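In: Have a look; sequence and predicted model below, questions after that.
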Amino acid sequence: MDDKKVYLSERDIPRQWYNLAADLPTSPRPPLGADGRPITPDMLSAVFPMNLIEQEVSTKRWIDIPEEVLEILYRWRPSPLRRAVYLERHLKTPARIYYKDESLSPPGSHKPNTAVAQAWYNKQFGIKRLTTETGAGQWGSALAFACNLIGLECKVYMVRISFDQKPLRKSMMRIWGGTCVASPSDQTEFGRRILREMPDTPGSLGIAISEAIEEAVSDASGKTRYSLGSVLNHVMLHQTIIGLEAQKQLALINEKQPDIIIGCAGGGSNFAGLAFPFVNDKINGAHITIIPTEPTACPTLTKGPFAYDFGDTACQTPLLAMFTLGHGFVPPPIHAGGLRYHGMAPLVSHAVREGLLEPRSYDQIRCYEAALTWARTEGFICAPETSHAVACVIDEANRAKKEGREKVILMNYSGHGLMDLAGYNKFLDGELTEYHLPEEELRRSLAAIKDLPKP
Ligand SMILES: Cc1ncc(COP(=O)(O)O)c(C=O)c1O
């Protein structure tokens, strides 16, 4: 009988994170300051603690995971590698489909892998309080969870549309001792400005990031820092524990190498976490198709240009070389809140430029159809973000069937959807429609970055 899940013992958990920056064939473009020159680490020190900035700029291949961070990760890690046998049977595919189940963490997604690490490094640095943004609420709840265990205060700016659509995520943040406000809010200069200019805005991750950074850097005590749940190099690094575990688990069941790796991509972190250790294999000659998937409503990798742009709407961050839809882009209120970000991790963007990744976009209707197929075969109800990976898995499994090939497909199951049932209800009631970002809107949004330096 084929194994339906593969567990790794706690003794075999990876003890180092993998840094793709060490192995990319060419170096990514550096972040730039307001003067157009590469930033130096001290320029980030009002926003992040120096120990995380060191990771951000590191090109060391392996970075030790502190024992105290592992102690917390053991609560749910190593995460199981499951085989989607019921979906395979339903599709009658010869493909073997595996998925890394990141939905089993207490907050229900991959996000605490970095939340715990970031809270720990901030605490080591003497920080007392973290501010952050959240889209769907997964990241905000993960950071509240981590801060509670590590002993930090946590303040979360939650994108307005998700704040209204996902009230139970707020409850999770409160249970873990965090504070959550809707963004734009009246608690920051920038939030008040946006509320004056666009009182009915659904908000965006870019706006919420601006508010959280403003609050962190304006704390005169110097004891507040900002924490980002995706995009940055150190976040990708912390997530690589997913792919490193998966490599060990596949070896345990004698699967040599996946043919296809799939993860949904908002800022890029769960995708990178699973994919980067395998991207290294690909750089070294392995034949793997590696696919980040995103919404047609927010098609950063598939429609955006590779450009220098700000990570936030108020233009407070350094300029990052990435695929972007423009920092002023306010995506339509699709239900996959965590995929509504205008930019993409510079490391993921660079790997796309190197031809190592093959991005695809999926419409929300196809994604919900895929999520229902998944729930009615595998049984689990996935997060709307994760459904973008599931849709691609189904496509690839059907392609394997057509070609009559026994492919090995590996997916990151980034989170459960038990807090996202309102979106499922809308789909089941026929209230959702397809949405493809109109060219005209993209052009308007990109006008804001046309005078920025070019990579
Ligand atoms: C379940 C889930 N998957 C994926 C994402 C997208 O983020 P990232 O691309 O950083 O993994 C999110 C973000 O909130 C999420 O909650």
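Out: Sure thing, it's come through.

In: Quick check: chain neighbours aside, which residue is closest to residue 373?
Out: Leaving aside its sequence neighbours, residue 373 sits nearest to residue 394 (C-beta to C-beta, 6 or more residues apart in numbering; 6.5 Å). Bear in mind the C-beta positions are built from the backbone N, C-alpha and C, glycine included.

In: Quick check, pLDDT for that neighbour.
Out: Note for residue 394: predicted pLDDT of 98.

In: go on, residue 330?
Out: So residue 330 comes in at 83 (pLDDT).

In: That one: what secondary structure?
Out: Following DSSP: H, G, I helix; E, B strand; the rest coil, residue 330 is assigned to coil.

In: Give me the number of neighbouring residues for the spatially closest residue to residue 397 that is not a sequence neighbour.
Out: When the adjacent residues along the chain are set aside, residue 397 lies closest to residue 93, with 4.1 Å between them (C-beta to C-beta, 6+ apart). Neighbours of residue 93 under the rule other C-beta atoms under 10 Å: 24.

In: so the residue nearest to residue 373 is in which element?
Out: In this assignment (DSSP states H and E), residue 394 forms part of helix 384-403.

In: Touching, the residue nearest to residue 373 and residue 372? I think so.
Out: No - if you go by C-beta atoms under 8 Å, residue 394 and residue 372 don't touch, sitting 11.0 Å apart.

In: more neighbours, these two?
Out: Just comparing residue 394 and residue 372: by other C-beta under 10 Å the higher neighbour count belongs to residue 394, 22 against 17.

In: Of all the residues in the stretch 51-200 of the chain, which one is nearest the ligand?
Out: Per C-beta to the nearest ligand atom, residue 138 is where the stretch 51-200 of the chain lies closest to the ligand, at 3.1 Å.

In: burial count for that residue?
Out: 33.

In: Next: the one 4 residues further on.
Out: With neighbours defined by other C-beta under 10 Å, the count for residue 142 comes to 31.

In: Which pLDDT value belongs to the closest residue to residue 267 other than its chain neighbours?
Out: Take residue 267 and drop its neighbours on the chain: the residue closest to it by C-beta to C-beta, 6+ apart is residue 230, 2.7 Å away. We have a pLDDT of 95 for residue 230.

In: Quick one: residues contacting residue 230.
Out: For residue 230, the contact set (C-beta atoms under 8 Å, 6 or more residues apart in numbering) comprises 139, 266, 267, 268, 269, 341, 345.

In: What is the burial count for whichever residue of the stretch 351-455 of the chain sits closest to the ligand?
Out: Closest approach between the stretch 351-455 of the chain and the ligand, counting by C-beta to the nearest ligand atom: residue 415, at 2.7 Å. For residue 415, the neighbour count with other C-beta under 10 Å is 29.

In: One more: residue 221?
Out: Using other C-beta under 10 Å: residue 221 sits among 7 other residues.

In: again, but for residue 124
Out: When neighbours are counted by other C-beta under 10 Å, residue 124 registers 14.

In: List the contacts of the nearest residue to it once chain neighbours are set aside.
Out: With sequence-adjacent residues excluded and distances taken as C-beta to C-beta, 6+ apart, residue 124 is closest to residue 51, at 6.2 Å. Neighbour list for residue 51: 121, 124, 125 [criterion: C-beta under 8 Å, 6+ apart].

In: repeat for residue 367
Out: Applying C-beta under 8 Å, 6+ apart, the residues near residue 367 are 295, 336, 384, 387, 388, 390, 391.

In: Which one of those sits in the busiest neighbourhood?
Out: Top of the contacts of residue 367 by neighbour number is residue 387, holding 34 neighbours under the definition other C-beta under 10 Å.

In: ok, that one touching residue 368?
Out: Yes - in this structure, residue 387 is within contact of residue 368 by C-beta under 8 Å, at 6.4 Å.

In: Please give me every residue in contact with the residue nearest to residue 397.
Out: By C-beta under 8 Å, 6+ apart, the contact list for residue 93 reads 397, 398, 400, 401.

In: mind exporting stretch 256-271 as PDB, just the C-alpha atoms?
Out: Taking Å, rounded to 0.1, in the frame of the first residue of the first chain, the C-alpha atoms of stretch 256-271 are listed here in PDB:
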ATOM      1  CA  LYS A 256      14.000  10.800  -6.000                       C
ATOM      2  CA  GLN A 257      13.000  14.200  -7.300                       C
ATOM      3  CA  PRO A 258       9.700  16.000  -8.000                       C
ATOM      4  CA  ASP A 259       9.000  16.800 -11.600                       C
ATOM      5  CA  ILE A 260       6.800  19.700 -10.700                       C
ATOM      6  CA  ILE A 261       6.700  22.000  -7.700                       C
ATOM      7  CA  ILE A 262       3.800  24.400  -7.100                       C
ATOM      8  CA  GLY A 263       3.000  27.100  -4.600                       C
ATOM      9  CA  CYS A 264       0.700  30.100  -4.500                       C
ATOM     10  CA  ALA A 265       2.600  33.400  -4.400                       C
ATOM     11  CA  GLY A 266       1.400  36.600  -2.700                       C
ATOM     12  CA  GLY A 267       4.700  38.200  -1.500                       C
ATOM     13  CA  GLY A 268       6.400  34.800  -2.300                       C
ATOM     14  CA  SER A 269       7.200  33.300   1.100                       C
ATOM     15  CA  ASN A 270       5.400  30.000   1.200                       C
ATOM     16  CA  PHE A 271       6.300  29.300  -2.500                       C
END
